[in-house]
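Enquirer: Sequence first, predicted coordinates after that:
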Amino acid sequence: MSAGPALWARLSSVLMLERRETRLLLASATADSFGTGIFTATSVLFFTHVRGFDITSVGVAISLGSLCAFVLSPRIGRLADRVGAKKSLITLFVIRAAGYGLYLLATQYWLFAVLACVVTTADRSSPAINMTVMGRLFEDKERATILGTMYTARNGAIVLGSLAATLPVVTGSTSLYMVGVAINAASFIAAAMLVARLEVPEPATAADGEKRGRQRGPSPLRDPRYLAITVVNGVAMTHNTILSLVLPLWVTEATHSPHWGLTTLLALNGALAMAAQVPVNRRFADFGAALRAAVLGGAAVFAACLAYAVSGSVTQGWAALAVLVVAMIAHTAGECLFTASTPLSFELAPKESLGQYLSFYNLGRVGQDLVGPVLIVAPLVEHGTPVWLLIGVAVLAAGFVPWVLLRRHTLATSERAVV
């Protein structure tokens, strides 16, 4: 066998591409993320330039949507445990397709605001239900592998979608903007059709699920350990707020780096994350390793914050860019390591309530979307170094919290395995 086919065979084996469920999940994630990439790159311009809403009104509608998601996501997760994760994920895809499609008709602000609440709730709820499906299909290292592979596939598809969005952005064509919205809506139909072909085992029949739903079962709100890792997840997701909101302003307004350095840094982040996530996930697949991943992730983000702070005081453009590159490498390492700590959320959740628990865990990210921009963006741009240090220390501490609280769980698990 020549080197090329041998390498592909090895890669397929490592990534489990020979398994039908892996291929379907990756295809679904790719379709979903390609449309998301187009919409993310064009949405603000579509709503302001094409629909004529002012930017403040758009922000208010999106914030309302995030608030709805924060309130409703755990309930959607609990419902998924009763009716099945697969059915719930397909339903969310259909709701997203309908909601984004109706954006084409939303010429009045009230309708836009209502749709924003619906689609944002479905958007924010979908990752946890998708993870629940993976939790039903895969165990331990296999699950870590598929999580890493899907992360890579999503990043690649979002990049391609963002590139496709260049055409409407450059031309300013109303028709092309609307085509982009329609493609995003259609991407969710494609994703739903792919998920429908999966055979997902459920821990109980629908009747048992309905009976259990009327009883008072386990709740993450009554589990201090799960509450802790959910809060930690929210603090850790500061790295996402920095990447999407802070970095563009910091690079262009607070450093002497050339402005084109921003796109270079974002491209570097995407390339490194796509290359590293699968091997990192496989390296930190079990519970004890996931605890170490959280600690290392906190340390990496702390190092990135230090480097970002230093970049603001460097007066030479190329030197400032070099410091920012170092910061981005550490930032991406932290991002990948925190993603690799996801097994904590699976291990601590009862299997019969996986959807509810993972949806609750996802509230960390939803909460970061709600409060992160307010607490981080303006203070960082205005005050610089002190705020960078404060954020770095907070994320560093968040990385250590799971290890402090849960290392006994690791020891107990190891002792059971020995026995």
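Expert: Now that the structure is in, tell me what you want to look at. Quantities reported herein were computed from a predicted structural model and do not represent experimental measurements. Numbering: from 1, shown residues only.

Enquirer: Could you list the low-pLDDT ranges of the stretch 151-300 of the chain?
Expert: Residues of the stretch 151-300 of the chain that meet the criterion pLDDT under 70 lie in 203-217.

Enquirer: Sketch out the strands for it, chain order is fine.
Expert: For the stretch 151-300 of the chain, applying DSSP state E, counting those that start in this stretch gives no strands.

Enquirer: Which parts of it are helices?
Expert: For the stretch 151-300 of the chain, the helices defined by DSSP state H, counting those that start in this stretch occupy 166-171, 174-195, 206-214, 224-236, 238-241, 247-249, 261-283, 287-311.

Enquirer: winner for burial among those?
Expert: Looking across the helices of the stretch 151-300 of the chain with neighbours counted as mean count of other C-beta atoms under 10 Å, the highest average goes to helix 287-311: a mean of 23. In short, each C-beta sits where N, CA and C put it, glycine included.

Enquirer: Please name every helix or strand in contact with that one.
Expert: helix 224-236, helix 238-241, helix 317-340, helix 343-347, helix 385-418 (3 or more C-beta pairs under 8 Å, 6 or more residues apart in numbering; DSSP states H and E).

Enquirer: circling back to that earlier point, with distance to Ser28 added, can I get the helices of the stretch 151-300 of the chain in a markdown table?
Expert: As requested, those are exported to a markdown table (distance: least, C-beta to C-beta, whole Å):
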| stretch | distance to Ser28 |
| --- | --- |
| helix 166-171 | 25 |
| helix 174-195 | 4 |
| helix 206-214 | 23 |
| helix 224-236 | 24 |
| helix 238-241 | 22 |
| helix 247-249 | 30 |
| helix 261-283 | 18 |
| helix 287-311 | 25 |
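
Enquirer: Figure out which of those is closest to Thr40.
Expert: helix 174-195 (9.1 Å; C-beta to C-beta).

Enquirer: from the middle of its chain, how far away would that closest one be?
Expert: 20 Å (C-alpha atoms, centre = their mean, to the nearest Å).

Enquirer: picking that back up, using CSV, please lay out the helices and strands packed on helix 287-311 together with distance to Phe34.
Expert: Below are those laid out as CSV (distance: least, C-beta to C-beta, whole Å):
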stretch, distance to Phe34
helix 224-236, 26
helix 238-241, 20
helix 317-340, 20
helix 343-347, 26
helix 385-418, 31
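
Enquirer: Looking at the helices of the stretch 151-300 of the chain, which is nearest to Thr30?
Expert: Going by C-beta to C-beta, the one of these nearest Thr30 is helix 174-195, 8.7 Å.

Enquirer: what packs against the closest one?
Expert: helix 20-45, helix 85-102, helix 166-171.

Enquirer: Would you mind giving the domain segments of the protein?
Expert: According to automatic domain parsing, the chain comprises the domains 19-215, 220-414.

Enquirer: returning to that earlier point: out of the helices and strands packed on helix 287-311, nearest to Leu176?
Expert: With C-beta to C-beta as the measure, helix 238-241 is the member of those nearest Leu176 (28.6 Å).

Enquirer: residues making contact with the closest one?
Expert: 301, 304, 331, 334-335, 338, 365, 368-369, 372-373, 376-377, 391, 394-395 (C-beta atoms under 8 Å, 6 or more residues apart in numbering).

Enquirer: so what pLDDT did Ser2 get?
Expert: Turning to Ser2, the model gives it a pLDDT of 57.

Enquirer: contacting residues for the closest residue to Leu337 other than its chain neighbours?
Expert: Of all residues not flanking Leu337 in the chain, Gly297 sits nearest, at 3.4 Å (C-beta to C-beta, 6 or more residues apart in numbering). Counting by C-beta under 8 Å, 6+ apart, Gly297 touches 236, 333-338, 340-341, 399.

Enquirer: about what we covered before: out of the helices of the stretch 151-300 of the chain, which is closest to Phe47?
Expert: helix 174-195 (9.7 Å).

Enquirer: ok now do Gln316, which residues does it touch?
Expert: By C-beta under 8 Å, 6+ apart, Gln316 lies in contact with His256.

Enquirer: Take stretch 34-42, keep the C-alpha atoms, and write them as PDB.
Expert: Presented in PDB, the C-alpha positions along stretch 34-42 are these (Å, rounded to 0.1, in the frame of the first residue of the first chain):
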ATOM      1  CA  PHE A  34     -21.500  26.200   6.600                       C
ATOM      2  CA  GLY A  35     -24.800  28.100   6.800                       C
ATOM      3  CA  THR A  36     -23.900  29.500  10.200                       C
ATOM      4  CA  GLY A  37     -20.600  30.900   8.700                       C
ATOM      5  CA  ILE A  38     -22.500  32.700   6.000                       C
ATOM      6  CA  PHE A  39     -25.100  34.100   8.300                       C
ATOM      7  CA  THR A  40     -22.600  35.200  11.000                       C
ATOM      8  CA  ALA A  41     -20.600  37.200   8.500                       C
ATOM      9  CA  THR A  42     -23.600  38.900   7.000                       C
END
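
Enquirer: Name the residues that touch it?
Expert: Contacts for stretch 34-42 (C-beta under 8 Å, 6+ apart): 100, 157-166, 168-169, 177, 180-181, 183-188.

Enquirer: weakest of the helices and strands packed on helix 287-311 in terms of mean pLDDT?
Expert: Among the helices and strands packed on helix 287-311, helix 385-418 carries the lowest mean pLDDT, a mean of 77.

Enquirer: Give me the angle between that helix and helix 287-311.
Expert: Angle, helix 385-418 to helix 287-311, by axes from the mean of the first three to the mean of the last three C-alpha atoms, to 10 degrees: 170 degrees.

Enquirer: Just want the angle from helix 385-418 to helix 317-340.
Expert: Using the same axes, to 10 degrees: helix 385-418 against helix 317-340 is 30 degrees.

Enquirer: just to revisit the earlier point, pick out whichever of the contacts of helix 238-241 sits closest to Leu25.
Expert: Nearest to Leu25 among those: Arg365, at 20.0 Å, using C-beta to C-beta.

Enquirer: ok, the closest one - contacts?
Expert: 124, 127, 233-234, 237, 240.
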